[in-house]
Structures are given as structure tokens and as C-alpha cells.
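Asker: next come a sequence and a model predicted from it.
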2 protein chains.
Amino acid sequence: MIDTAEFTTEALCRSMLDRHRDTIVVQKPDFAIRKLSVIVTAALNLSNSNGFQAMSLRDLSKASGVSMGGLYAYFDSKTTLLKMILEEVTGQVQRVLADPPQTMTIDPVDHLKWLIDTHIRLTEAMQPWFSFAFLEAKNFPPSERRTAVDSEILTESYFAAVIDRAVAEGRFRADVSPLLPSLIKPLLQEWYVKRSKYRRRGVSMETYIETVQDLVLNACLPERRS
Amino acid sequence: MIDTAEFTTEALCRSMLDRHRDTIVVQKPDFAIRKLSVIVTAALNLSNSNGFQAMSLRDLSKASGVSMGGLYAYFDSKTTLLKMILEEVTGQVQRVLADPPQTMTIDPVDHLKWLIDTHIRLTEAMQPWFSFAFLEAKNFPPSERRTAVDSEILTESYFAAVIDRAVAEGRFRADVSPLLPSLIKPLLQEWYVKRSKYRRRGVSMETYIETVQDLVLNACLPERRS
DNA sequence: ATCCATTTTTCGAGCGTTCGCTCGAAAAAT
DNA sequence: ATTTTTCGAGCGAACGCTCGAAAAATGGAT
């Protein structure tokens, strides 16, 4: 299970700062991280409310309490701010999904369940980040849009690989639809896209995870799951 | 099966014109429909490329060949244009899904399969419209956002009702997840959201429909489908 | 058919506003 | 005294939208 302490705003902003130490003007890391956290938090709030395009830097300045000029100590253009957040999300996805615990990789069925569980828990821990990265993506500039699409393709490939392996090992039916990996992804996105709806209806993350796992495994396993 | 002739751009624009005859300045219906088609087609193209907010009316003017002033003969604000398109989509969804052929309502399983089939075929026939209405929705003004959300809730309720009926009649397992109707919706949206991806991979609409139907029914039926 | 008077439709420069972004100076830290 | 950080008024560009005039279409009267 993922460690939520790795995904606090401050921890993520520390990672962002490391990756952009050359373009960020502010020298003292402690100051920089604290201020970057305030800026990013405000940026995610505003973007997820009305869209990234609709968020003006004056809005961001007012909401974060950092002056116009002050913002430009942390990024050299609005698109760079977008890129910084987006790359942080895609980087975490790759980092987390790429190395499952060894105990989970013995059985491909366990591995598949782990992928579903971990992906949903990751998006839960970084919900505003994921909403920003993948709901806004279609309005991003071409280069950044590509980054978001590539990340989705990579995620899908993890599911495709483990399902292929389960079929090859005879754990799954041979006629599992080749579309299945593509269909799993929107089920995972549904959780963070409609997060507030499920909160309102009292659906816990654990229940959601189990439901998706059951739905997927019912389509794969030779016999019905108990 | 739905009749694609009902969903040509011209037919849809005729419906839009009827609904806004009072605010549209142009008198002759033939002129109006032809020009409205050009405007709406360009608006959907531009919006679906870069987002509705990013589409300036100067862009729309250039792409449609209608002058700035000419555009305002068909709507009195950019938001009104948004509202006109959005209401056309939600109106068609309601009109089509609300009255299934009588032969399909006898058996709730047939009805469920019909809902999946028809919804996907409808979104295929009106793909740019659906992308506009539901992918851009989160950046709409509050009132229009509500219209889009209500339409999604209505769609979901159709699925919930027929599944409940199938459970009540003993056609479905009693322990079908109450989350299922919510999970069907993203599977249907996936088709028009990632339309180009499936075209590239050579996945036909019929294959996609069957795959979703199988996935859903496998989660519902007491025994595995053949 | 041809004309003119009237209506209908089309046009695009211009209005006020807001945008992303800059930069020289003030403030704070060292 | 020197460096580091913060500030916000101001720049040119682009935005949604308006409006008076040009162009096109219309409908008798000759």
C-alpha cells in the first residue's frame, strides 16, 4: 500500500523544486518550497474550478498572496507552471506503478489487483493533481498534451502486460477482450473525476476499488469469483 | 437502431433554430440553417481542438467565413452559443434514450443491451457534439455546467432503473453492485472521448458495443454468458 | 425584363477591458 | 554595505462585443 506521506503538497513541491532548480530564482530551499506549495495549491484550486486557461495570473496572484512579479521567480511563463505540475504527476505515476512489491509479481492476478488498487490510491492521494493533469490535458499546448497522452499510454501498457501474462499462464480465459486494458483506464479515472459524487453518496475508496477489481476479474477469470 | 439521418448537422441545426427563433435575427429559415451549420461546425472543430474558452470569436469568424457582426445575428453572446449547442445534445439524449422500441422493454436484459447499444451509436453519430458538451463541461459557467451534469445523471438513472428491474425479476444476481450504473457511464464516454485511438487500432463500433455489453452482463448475470 | 424603394443581411473597424509578462525600485535578509 | 527577495504599475496584444454603413434580396409598378 502506498505511503501517503510521500504525496503531501510539500513533498511534491520539493520534488518540483529539485527538477527546476536552474530556472527558479529563489535560493533558499525552505523559503522556496513553502512558497511554491502556496502557489501550486492555489493554482490547482483555480484550475480545477474553472480551467487552466480561465485562470489568470492575477487570479493566481490574489489567491496565493504572491505578487505578479513574485510568481515569475518560480516559473518563466504560464506554460512552464503547467509543465511543472504535469511532469510531477506523470513522474509519480511512473515511479509508483513501475515497481510493485515482489510478492505481488509472483501471481499475475495479484499483480493486476495491485495495479488497480495502487492506481486508485495514488489518484486519491493526489486528486487535484490528477484532475489538473488529465482533465485539462485536452486544452494543453501540443507538447504538454503529448506528455499527458504518453503517460496514459504507459499506464495502459502496464495493464495490458499483466493481463497478457495471466492469459499466457492460463490464469485468465484465452478469449479475454484485447480492449480490456483500454476499458480499465476510464474506470480508474472515474474515481478522481467524480470524487465529490462518491463522497456525497458515501462510497468508500475501498468499496470502489473492490468493485472495479470484481468487474475486471469477472471478465477475465474462467470461473465466477466468489 | 437509430436513424443517422436524424443527426446530420443540418437536421440538428434546424432543431436549434426552432428552439431559438426569437433570438436569431435572420428570417429566412433556409439561409439561417445553412449558415448556422457552417458556424456550428467550425465552432465544434475549434472548441474540440483547443477548448471553448480558447476559441476566440475572431477565430470562429475566420474559420466559418462569417464576419464578427454576422455571428451575432445567431447568438447574442459567446455563452449563448455554448448553451445552444449544449441543449441540442442533452435534448437528443433525452429524446432517444427515453423511448426504446416496445420489443426491447419486455426483457430488462434486452433493454439494458439496447441502452448500451443506442447510447454508443448516438455518441458516434454526434461525436463532436458530445465531446463539446461533456469534455468541455467542467469549464462551463455554473448554469450550463449544471445542465451537463443533470443530463449525465438522467442517463445514469436509465441504467439504474433497468438494472434494478432485472434484479427484481430475478434475471440478475441479487448482489449486483449498486455502483454499476455509475461505472457504465465512463465506459460509454470512452468511445467518443478516445474515438481516434480506436479508429487507429481498427476497433469497430460494433466490437466496442459488444465488449461493453459483455463486460456489464458478466457482472450481472448469474451464469457466465457464452 | 427593368426600374426604384424598402427590407433583410452582412460587414469590420473600433470600444473598453483584461490578458501574459516585464522591470526598476522598495523591502528584507544577510 | 551588499545581496536576495518582493512588489505592482505599465506595456503591447488580444479579448467579447457594438454599430453605422455597405451589400444583397425582395416586391410591386411600369
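Answerer: All right, it came through fine. Numbering: from 1, shown residues only, chains lettered A, B, ... in the order given.
Asker: can we go C-alpha only for contacts and neighbour counts from here?
Answerer: OK.
Asker: ok, stretch A:77-92 near DNA strand C or not?
Answerer: Yes - counting by CA under 7 Å from any atom of the strand, DNA strand C is contacted by stretch A:77-92 at A:Ser77, A:Lys78, A:Thr79.
Asker: got CSV for those residues, with pLDDT and distance to A:His119 too?
Answerer: Below are the residues of stretch A:77-92 next to DNA strand C laid out as CSV (pLDDT from 0 to 100; distance: CA to CA, whole Å):
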residue, pLDDT, distance to A:His119
A:Ser77, 97, 31
A:Lys78, 98, 29
A:Thr79, 97, 27
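Asker: could you give me the buried positions within the helix or strand A:Lys62 falls within?
Answerer: Following DSSP states H and E, the helix or strand that holds A:Lys62 is helix A:57-64. Applying a neighbour-count criterion of 16 or more other CA atoms under 10 Å in any protein chain shown, the buried positions in helix A:57-64 are A:Leu57, A:Leu60, A:Ser61, A:Ala63, A:Ser64.
Asker: same thing with stretch A:157-171?
Answerer: Buried, per 16+ other CA under 10 Å, within stretch A:157-171: A:Tyr158, A:Phe159, A:Ala160, A:Val162, A:Ile163, A:Asp164, A:Arg165, A:Ala166, A:Val167, A:Arg171.
Asker: and the second one, what's its pLDDT?
Answerer: On the pLDDT scale, A:Phe159 is placed at 98.
Asker: go on, A:Arg225?
Answerer: At A:Arg225, pLDDT is 45.
Asker: next: A:Phe31.
Answerer: 89.
Asker: same thing with A:Ile2?
Answerer: 87.
Asker: measure it to A:Gln92 for me?
Answerer: 12 Å (CA to CA, to the nearest Å).
Asker: more neighbours: which of these two?
Answerer: A:Gln92 (17 against 13; other CA atoms under 10 Å in any protein chain shown).
Asker: report the distance from the helix or strand hosting the more buried one to the chain centre.
Answerer: Here A:Gln92 sits within helix A:78-98, counting by DSSP H and E. Centre-to-centre, helix A:78-98 and its host chain are 8 Å apart (CA atoms, centre = their mean, to the nearest Å).
Asker: that one - contacts with which helices or strands?
Answerer: helix A:9-19, helix A:108-125, helix A:127-130, helix A:142-168 (3 or more CA pairs under 8 Å, 6 or more residues apart in numbering or on different chains; DSSP states H and E).
Asker: what angle sits between that helix and helix A:57-64?
Answerer: 60 degrees (axes from the mean of the first three to the mean of the last three CA atoms, to 10 degrees).
Asker: give me the contacts around helix A:78-98.
Answerer: A:12, A:15-16, A:40, A:57, A:75, A:115, A:118-119, A:122, A:129-130, A:132-133, A:144, A:147-148, A:151, A:155, A:158 (CA atoms under 8 Å, 6 or more residues apart in numbering or on different chains).
Asker: count the residues that sit near whichever residue of chain A sits closest to DNA strand D.
Answerer: At 2.8 Å from DNA strand D, A:Gly69 is the closest residue in chain A, using CA to the nearest atom of the strand. By other CA under 10 Å, the residues close to A:Gly69 number 9.
Asker: could you do the one 10 residues further on as well?
Answerer: The burial metric for A:Thr79, expressed as a neighbour count using other CA under 10 Å, is 13.
Asker: can you check A:Ser131 too?
Answerer: There are 20 residues near A:Ser131, going by other CA under 10 Å.
Asker: quick one: residues contacting it.
Answerer: A:Asn48, A:Tyr192, A:Val193.
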